[in-house]
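Trainee: Would you be able to build a 3D model of this:
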Amino acid sequence: MRKLLKYKNKEKIQYKKHISILSKIQKEYVVKHFEEGISMTDIANEKGVSRQAVSISIKGAVEKIRNALTKDRIEK
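Mentor: Model prediction:
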């Protein structure tokens, strides 16, 4: 999943554009994990949820962003 943020500058800007489609929790987890480098375990401990719950939320967020990026590419 870390590959999501290893795009070139243009693609990273598109990622930032699409982060707004995420739920508040997904956005928080994605930013903490990918941008701040905090582990899913540490996020889970901080939020009082399971690591699995954080993982599922991040996985769903990544899928939403990928779908939005794919849709953008198809429309162009």
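Trainee: Next up, phi/psi of S50, please.
Mentor: Backbone torsions for S50, taken as degrees, to the nearest 10, come to phi -80, psi 160.
Trainee: Grab the nearest non-local neighbour of the residue most central in space within the chain.
Mentor: Nearest to the mean C-alpha position of the chain, by CA atoms, centre = their mean, lies V30 at 3.8 Å. Leaving out its chain neighbours, the residue that sits closest to V30 by CB to CB, 6 or more residues apart in numbering is A61, at 4.9 Å. All C-beta spots, glycine's among them, are computed from the backbone N, C-alpha and C.
Trainee: Make sure that neighbour is actually in contact with K24.
Mentor: No: between A61 and K24 there is no contact under CB atoms under 8 Å: 11.1 Å.
Trainee: Could you check which of these two is surrounded by more residues?
Mentor: The neighbour count for A61 versus K24, taken as other CB atoms under 10 Å, is higher for A61 (26 against 7).
Trainee: Tell me which residues of stretch 18-27 come out buried.
Mentor: For stretch 18-27, burial by neighbour count (16 or more other CB atoms under 10 Å) applies to H18, I19, L22, I25, Q26.
Trainee: wait, I meant stretch 48-65
Mentor: Going by neighbour count (16+ other CB under 10 Å), the buried part of stretch 48-65 is A53, V54, S55, S57, I58, A61, V62, K64, I65.
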